[in-house]
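Asker: generate a structure from the sequence data that follows.
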Amino acid sequence: MLESVQRSATGLSYGAVRPSYEERLEQSGLSTFEDRRLRGDLIVTFRAIRGGFFNFDLSPIFTLNRDERLRGHNWKLKKDFKTKIRENFLPNRVFNHWNGLSTEIVNSTTVNFFKNKLDVPDK
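Answerer: Below you'll find the model as predicted:
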């Protein structure tokens, strides 16, 4: 629903002939709502696992996978849902994306360093 609002708003400055939605996003320097939501979820996950929240502790909602046989970084999440209802909860929504991040990004020392590394496109 929010994406449709952005789609309409980016088309307002054009007449009857307008570029595609992807071209309009590129020209205006925006990203899709889905991409922004994923970025925010990954930042919250980083802060929760690495202790970046000062007032409360979110780490209990994430289950780390401590299996030594896994490749990649040491902060891999364990998939922790068995029903369709929990499928869209934060830990399950970011599971594949978080576990697919590089070791350099996940082992960032600060939240800002994590954000900067996350925003650099893959080469």
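
Asker: alpha carbons only for contacts and neighbour counts from here, please
Answerer: Fine.

Asker: buried sites along the lengthiest helix in the chain?
Answerer: Taking DSSP state H as the criterion, the chain has its longest helix at helix 33-50. For helix 33-50, the neighbour count (16 or more other C-alpha atoms under 10 Å) marks 38-39, 41-50 as buried.

Asker: from S108, how far off is N74?
Answerer: 12 Å (C-alpha to C-alpha, to the nearest Å).

Asker: hang on, the earlier thing: the longest helix of the chain: what's the following helix or strand?
Answerer: helix 90-93 (DSSP states H and E).

Asker: return the set of buried residues in the helix or strand following that next one.
Answerer: Reading on from helix 90-93 to the C-terminus, the next helix or strand found by DSSP H and E is helix 95-99. Residues of helix 95-99 classed as buried: 95, 98-99 (neighbour count, 16+ other C-alpha under 10 Å).

Asker: wait, isn't V106 in contact with W75?
Answerer: Yes - counting by C-alpha atoms under 8 Å, V106 touches W75, with 7.3 Å between them.

Asker: show me where pLDDT drops low in the chain?
Answerer: Filtered on pLDDT under 70, the chain yields the residue ranges 52, 54-59, 80-82, 121-123.

Asker: okay, now the domains of it?
Answerer: As assigned by automatic domain parsing, the chain contains the domains 1-30, 32-119.

Asker: so which of those is the most surrounded?
Answerer: For those, the largest average neighbour count (mean count of other C-alpha atoms under 10 Å) is found in domain 32-119, namely a mean of 15.

Asker: with that, I have no additional questions.
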